[in-house]
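Participant: just the structure for this:
(one chain, ligands or ions: 1)
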Amino acid sequence: MIKYGYGHQTIDDSDISAVMDVLKSDYLTCGPKIKEFEQEICKYTGAKYCVAVSNATAGLHIAAMATGLSKGDEAITSPITFLSSANCICYTGATPVFADIEEETANISPQEIERHITDKTKVLIPVHFAGQSCDMEAISEIAHKHNLYVIEDAAHAIGSDYKDTKVGSCAYSDMTVFSFHPVKTITTGEGGAITTNNKELYEKLCALRSHGMHKDKDMVETWEYEMRELGYNYRMTDIQAALGISQLKKLDVFKKRRREIVDFYNKNLGIKHLQERKYSNACFHLYPILVKNRRDFYFKARENGLNLQVHYIPVHTQPYYTRFGYKRGDYPKAEQYYSQCISLPLYPSLTDTDLEEIIKRVKEIE
Ligand SMILES: *Cc1c(COP(=O)(O)O)cnc(C)c1O
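Facilitator: A predicted model of the protein is given here:
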């Protein structure tokens, strides 16, 4: 029996030869492919600046640092996300605050964000769940009103559109962070990127990515550098960047197939699923369905060769987060969603025959 996971990378010969070319070149890291990848991301998203990093978690960390977020501040994110969206707040010493989701999209609710704003709030981190953009106009209005930074966690959402902008254009935010982990829409193995239109943030991000080192044009000696803040080694390699450049060329093809698969499931399954808003044209990363007995469904699916995944355990219920006083019951919509969600296979290499087979197996479980 063919086994299907919920996600899988799509790598072809052109990706492989792009990586081979770098391996035969002089620069495995800190070379020309990084800049080229960053420029391609700028071209695709419409953002002015891009900083490639070792993974999206590192990207979220230095994006949070670049806002000056620190102990005594608060930042707000969604409970329905991967750990990184909240962990990046904790890395800075600030306090993570959650705002409940909208039922129809599982995205953070702007009204709920507003309810949790205090005079300590400094940053909002909306997460574009499953690839669908949050309501960014509403979120940026709240941010302007309260003088907050907005960092978009777009780990799921490269290729997605919000109104007439690309996610990553930062038309409604200060920075956007992408992930190129193999389950995400395009991959570099491990990897991430931050986009911004703000030169000052861009320069901070470049320094934080590489130990806090600065090299200025007016430095007398070419070997000179100054470390002005504590940074990290969060650099991407040229090997990864070359794979990223090659993958980015296929993003729109991947998007088309991902949307076809979602349409097919929507039409043929008859199981409750998330809704796409009018403002969205998502490059879907996940296809979560909502089932009554999720535990039962999960194990029966395994027996049927479907290795599915639950996205996500609400972050505020993790043992680490109880130290901030969070407990089960705090975010009822997120917890209700979690009790029913399970993600079906969604990746471009699924054929129509695969989809028929997956639907047949899902119907056997239901
Ligand atoms: C995958 C993911 C991340 C982390 O990405 P990495 O590149 O693995 O660090 C962050 N946020 C969300 C929502 C994710 O799905």
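
Participant: C-alpha only now, for contacts and for neighbours.
Facilitator: Will do.

Participant: return the distance of residue 58 relative to residue 265.
Facilitator: 34 Å (Cα to Cα, to the nearest Å).

Participant: higher neighbour count, those two?
Facilitator: When residue 58 and residue 265 are compared on other Cα atoms under 10 Å, the one with more neighbours turns out to be residue 58, at 25 against 21.

Participant: and the residue nearest to the more buried one when sequence neighbours are not counted, how close does it get to the ligand?
Facilitator: Nearest non-adjacent residue to residue 58, counting by Cα to Cα, 6 or more residues apart in numbering: residue 234, 6.3 Å away. According to Cα to the nearest ligand atom, to the nearest Å, residue 234 and the ligand sit 11 Å apart.

Participant: OK, contacts around residue 234?
Facilitator: Residues touching residue 234, when contacts are defined by Cα atoms under 8 Å, 6 or more residues apart in numbering, comprise 53, 54, 55, 58, 59, 208, 209, 210.

Participant: now the residue of the stretch 101-250 of the chain found nearest the ligand, which residues is it bridged with?
Facilitator: When distances are taken as Cα to the nearest ligand atom, the stretch 101-250 of the chain reaches nearest to the ligand at residue 179, 4.2 Å away. Bridge pairing for residue 179 (DSSP bridges) gives the partners residue 192.

Participant: just the pLDDT at it, thanks.
Facilitator: Listed pLDDT for residue 179 reads 98.

Participant: double-check it against residue 191; I have them as touching.
Facilitator: Yes. Contact status for residue 179 versus residue 191: in contact at 6.0 Å, counting by Cα atoms under 8 Å.

Participant: name the residue in those two with the higher neighbour count.
Facilitator: Regarding residue 179 and residue 191, a neighbour count based on other Cα under 10 Å identifies residue 179 as having more, with 32 against 26.

Participant: show me where the stretch 1-150 of the chain has its helices.
Facilitator: For the stretch 1-150 of the chain, the helices identified by DSSP state H, counting those that start in this stretch occupy 13-23, 32-45, 56-66, 84-91, 110-115, 136-146, in order along the chain.

Participant: kindly report the same for the stretch 151-300 of the chain.
Facilitator: Assigned by DSSP H, counting those that start in this stretch, the helices in the stretch 151-300 of the chain fall at 199-209, 238-248, 251-268, 294-303.

Participant: what pLDDT, on average, does the shortest one get?
Facilitator: What helix 294-303 shows for mean pLDDT is 97.

Participant: can you check stretch 230-241 too?
Facilitator: The predicted confidence, averaged over stretch 230-241, sits at 98.

Participant: start to end distance for it?
Facilitator: End-to-end distance of stretch 230-241: 25 Å, with Cα to Cα as the criterion.

Participant: now do stretch 151-171
Facilitator: End-to-end distance for stretch 151-171, by Cα to Cα: 12 Å.

Participant: next, the buried residues of stretch 120-132.
Facilitator: Applying a neighbour-count criterion of 16 or more other Cα atoms under 10 Å, one finds 121, 122, 123, 124, 125, 126, 127, 128, 129, 130, 131, 132 buried in stretch 120-132.

Participant: and those residues, which of them are in strands?
Facilitator: In strands, defined here by DSSP state E, the members of the buried residues of stretch 120-132 are 121, 122, 123, 124, 125.

Participant: contacts only, for the first one.
Facilitator: Applying Cα under 8 Å, 6+ apart, one finds that residue 121 lies in contact with 73, 74, 75, 76, 148.

Participant: neighbour-wise, which of the residues you listed leads?
Facilitator: Neighbour counts for the contacts of residue 121 were taken using other Cα under 10 Å; the highest belongs to residue 75, which has 28 neighbours.

Participant: alright, calling it a day.
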